[in-house]
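>>> with the sequence up front, the predicted model follows.
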Amino acid sequence: MVWIIFAVVLLACVYLPGLWVRQVLRKYSSPADRYREQGSGAALARHLLDRHDLPHVKVEETETGDHYDPEAKAVRLTRDNYSGHSLTAVTVAAHEVGHAIQDARQEKLFNVRQRLVRFAVRGEKIAGFMMMAAPLIFVVTRAPQAGAAVLLLGVGSMLLATLVHLVTLPVELDASYGKALPILRDGNYLHDGDMKYARRILRAAALTYVAGSLASLLNLGRWLTVLRR
């Protein structure tokens, strides 16, 4: 019974943040034409980038989730936020522009975050390879210690990658509350009464990364289940 309760609590901790993020973003995507007169998410992103002397940063549509790509110098928005005119569309656009501003200013936390994320990506690839190789190494060497060592390294790499994603939260919070919120407030870009809802969206945008990182823990669980078999 204790293990069942533990499993339920663990799944809730992993899944609920992501569900909350998606629910908030979806809720304020309606009405879809609320900011039609002001322009789409892409239009606001372009305006804000130009206003902050970042004409070289592109605004592009993507299918891989809203994000800022510091290598390509591009703010990328999903179709609903790129072409959309909802509160979610314009607020998420402002959040991603916040990352572009962090990059342009070469803010320390942003630069550290980028190095950590690259490290995390490599760590996840290494972890996957090691965990696949562990049974083979055991069969070839007939040494349980060798297979166990490789398995532990793989698990450690995957856990480290998840932790790296989590420690980038201050960068996300700054993009939302240190950059996007003042921009939206001081520029009077939102309708009266929308600011409090924009705060929720900005909180969700900041936690998107964390929610994804928590969900990645399930991949580790699946790997361990497979290996036990």
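Yep, it's here.
>>> what about the strands in the protein?
58-62, 67-69, 74-78 (DSSP state E).
>>> tell me which of these is the most buried.
Of all the strands of the chain, strand 74-78 has the most neighbours on average by mean count of other Cβ atoms under 10 Å, namely a mean of 23. Any C-beta I mention is one placed from the backbone N, CA and C, and that applies to glycine too.
>>> please name every helix or strand in contact with that strand.
Helices and strands touching strand 74-78, by 3 or more Cβ pairs under 8 Å, 6 or more residues apart in numbering; DSSP states H and E, are helix 41-51, strand 58-62, strand 67-69, helix 87-104.
>>> residues contacting the nearest residue to residue 114 once chain neighbours are set aside?
Nearest residue to residue 114, sequence neighbours excluded (Cβ to Cβ, 6 or more residues apart in numbering): residue 70, at 5.9 Å. Each residue near residue 70 by Cβ atoms under 8 Å, 6 or more residues apart in numbering is listed here: 99, 103, 114.
>>> which one of those residues sits in the busiest neighbourhood?
residue 99 (24 neighbours; other Cβ atoms under 10 Å).
>>> contact partners for that residue?
Counting by Cβ under 8 Å, 6+ apart, residue 99 has contacts 67, 68, 70, 75, 110, 171, 175, 179.
>>> could you dump those to a markdown table with pLDDT and distance to residue 194?
Shown next, in a markdown table, are these (pLDDT from 0 to 100; distance: Cβ to Cβ, whole Å):
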| residue | pLDDT | distance to residue 194 |
| --- | --- | --- |
| 67 | 94 | 24 |
| 68 | 96 | 23 |
| 70 | 95 | 29 |
| 75 | 98 | 21 |
| 110 | 92 | 27 |
| 171 | 92 | 25 |
| 175 | 96 | 19 |
| 179 | 97 | 18 |
